[in-house]
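>>> what follows is a predicted structure for the sequence shown.
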Amino acid sequence: MVIGWLRMGSWFTGSTSWGKDVVSSQVLQVAVAAYALASARKKRKWGGSVRGHITYDRERAAAAIRLENDYFGPNALYNEEMFHHRLSFSPKQKYVVAMKMLAYGSIVDALDDGQQYLRKPNAQELEHILAVNKARGFPGMIGSIDCMHWEWENCPSGWGGMYKGHKGKPTLILEAVATQDLRIWHAFFGLPGSHNDINVLQRSPVFDDLANGNAPPVDFTVNGNPYCMGYYLTDGIYPEWATLVKSISAPVSNKQQVFAKQQESCRKDVERAFGVLQAKWKILHGPTRLWKAKDLNAIMLACVILHNMVIEDERNVQLPTVGRNEWPGRDNPPLHHLVNIPSIDELIDAYSIIQDQSTARSLKSDLVEHMWTLYGSNSGPFARTTRQ
């Protein structure tokens, strides 16, 4: 800066005729240099990075202290119940996440417990689910399965035809399996909205562990007949598979009416889970405005994981806690790891058993009789009480 002022002083004295009469060039250069040094030492008047911008004292330190006192202090303004209502998590959960970041020195994504909250049930958890569903009249039922559409407002124009289905707008599909407590045990997201539930099921990995021989065994008896595979409750669009039980669209007899009523009642578990998922996380309720399908997939899976965390905290279900290193073998396969890799012929045979229609019809017929025994008899738990 000083050199610039000196050059300017040299040009000024050399380009004017009256400057030599007033003061010599050496004196003027010294004066300009002195002014430049004084200006360089003087503190600038503005505090921002751009001249003229005004800075405000936002009291960030005081805000941090208020936040800690309001939520985590000994006399907190928001107690644990209010904290849970506002942020959906207990203070202990938030505290543990922060402590993990400090202790392990890594980002949140590298330390999260997402896999714990989005996986298939192990043997002990499956036993609990089967017991609950057996009490509801469906022995061998693992859960209910269905699909949900999420509108994609900023879908690229070139993909509009592929992602536009019966909704009339571009959507992405989430296939999920839920149980009575609304916990989601399976989530398959990302297929275009032009697919129907059958197309999604044929591309879904929901039966991969069963076909590979890595799923926990499910043995049960209905109406005196044994079965060796669990099943899901579905709506009418799904195919007749041995692992899927649909309702009866036009029931005629009393037995069929009783079965249809109970099946449709229990099948709504997954629809209730979708409703709670969208109500809790508003980003899933309205059209998404993001551009990349990868970002939408991350958002959906994050919401499902958070949904399961909230469900477990609210329901207070006493399910066994299994660590990542506590999966002993075939009954409890590790996450994203196949214990048994079958051959192509074995895989085809396994899927032929899963998709066997004769077993599906026999299972539904036995469930109709079993439900009538429970619901239609005077001694069953579902019997209608008669007024005297």
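Perfect, thanks for sending it.

>>> next one, pLDDT for Leu301 please.
Per-residue pLDDT puts Leu301 at 91.

>>> look through the chain and tell me its longest strand.
Criterion DSSP state E: the longest strand present in the chain is strand 141-151.

>>> could you give the average pLDDT over the helix or strand just after that one?
Proceeding N to C from strand 141-151, the next assigned helix or strand is helix 160-163, under DSSP states H and E. Average pLDDT, helix 160-163: 90.

>>> equivalent analysis for stretch 370-386, please.
The pLDDT scores in stretch 370-386 average 69.

>>> show me the shaky parts of the stretch 1-150 of the chain.
The stretch 1-150 of the chain contains residues with pLDDT under 70 at 1-53, 79-115.

>>> can you count the residues close to Gly73?
When counting by other Cβ atoms under 10 Å, one arrives at 12 neighbours for Gly73. C-betas here are computed from N, CA, C, even on glycine.

>>> by contact count, what packs against the longest strand of the chain?
In terms of contacts (3 or more Cβ pairs under 8 Å, 6 or more residues apart in numbering; DSSP states H and E), strand 141-151 is packed against helix 123-135, strand 171-178, helix 197-203, strand 231-233, helix 254-280.

>>> how about these, which one is nearest Trp372?
For Trp372, the closest of the helices and strands packed on strand 141-151 is helix 254-280, at 4.3 Å, according to Cβ to Cβ.

>>> before we move on, back to that, direction included, what does the longest strand of the chain pair up with?
According to DSSP bridges, strand 141-151 forms sheet pairs with strand 171-178 (antiparallel), strand 231-233 (parallel).

>>> out of those strands, which is closest to Pro239?
Smallest distance to Pro239 across the strands paired with strand 141-151 (Cβ to Cβ): 12.2 Å, for strand 231-233.

>>> coming back round to it: output the strands paired with strand 141-151 as TSV; include the columns mean pLDDT.
Formatted as TSV, these follow (pLDDT from 0 to 100):
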stretch	mean pLDDT
strand 171-178	95
strand 231-233	96
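
>>> using TSV, lay out those strands together with mean neighbour count and distance to Gln355.
Below are the strands paired with strand 141-151 laid out as TSV (neighbours: other Cβ atoms under 10 Å; distance: least, Cβ to Cβ, whole Å):
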stretch	mean neighbour count	distance to Gln355
strand 171-178	24	17
strand 231-233	25	12
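
>>> save the ones you listed as a markdown table, and put in distance to Asp57 too.
Formatted as a markdown table, the strands paired with strand 141-151 follow (distance: least, Cβ to Cβ, whole Å):
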| stretch | distance to Asp57 |
| --- | --- |
| strand 171-178 | 45 |
| strand 231-233 | 59 |
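
>>> closest to Leu301 out of those strands?
Judging those by Cβ to Cβ, what sits closest to Leu301 is strand 171-178, at 9.6 Å.

>>> what does the closest one rub up against?
142-152, 163-165, 184-193, 195, 197, 200-201, 204, 206, 232, 269-270, 272-274, 293, 296, 300, 304 (Cβ atoms under 8 Å, 6 or more residues apart in numbering).

>>> circling back to that earlier point, for Ile54, which of the helices and strands packed on strand 141-151 is the nearest?
Judged by Cβ to Cβ, the one of the helices and strands packed on strand 141-151 that comes nearest to Ile54 is helix 254-280, at 40.5 Å.

>>> in that closest one, what's buried?
Burial within helix 254-280, assessed by neighbour count using 16 or more other Cβ atoms under 10 Å, is assigned to 255-256, 258-260, 262-263, 266-270, 273-274, 276-278.

>>> between the strands paired with strand 141-151, which gets nearest to Ala242?
Of all these, strand 231-233 sits nearest to Ala242, with 7.3 Å by Cβ to Cβ.

>>> next SSE after the closest one?
For strand 231-233, the following helix or strand on the C-terminal side (DSSP H and E) is strand 244-245.

>>> for the helix or strand hosting Lys364, name the packing helices and strands.
Here Lys364 sits within helix 357-376, counting by DSSP H and E. Applying 3+ Cβ pairs under 8 Å, 6+ apart, we find helix 357-376 packed against strand 220-222, strand 225-227, strand 244-245, helix 254-280.

>>> nearest to Arg58, of the strands paired with strand 141-151?
For these, the distance to Arg58 is smallest for strand 171-178, at 39.4 Å, taking Cβ to Cβ.

>>> tilt between the closest one and helix 254-280?
Per axes from the mean of the first three to the mean of the last three Cα atoms, to 10 degrees, the angle that strand 171-178 makes with helix 254-280 is 120 degrees.

>>> next, count neighbours for the nearest residue to Ile353 once chain neighbours are set aside.
Using Cβ to Cβ, 6 or more residues apart in numbering and skipping residues adjacent in sequence, the residue nearest Ile353 is Ala242, 6.7 Å away. Number of residues near Ala242 (other Cβ under 10 Å) recorded here: 21.

>>> distance-wise, check Ala242 relative to Pro216.
Distance of Ala242 to Pro216, given as Cβ to Cβ, to the nearest Å: 17 Å.

>>> quick revisit: now render the helices and strands packed on strand 141-151 as TSV, adding distance to Phe220.
Formatted as TSV, the helices and strands packed on strand 141-151 follow (distance: least, Cβ to Cβ, whole Å):
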stretch	distance to Phe220
helix 123-135	7
strand 171-178	18
helix 197-203	23
strand 231-233	10
helix 254-280	16
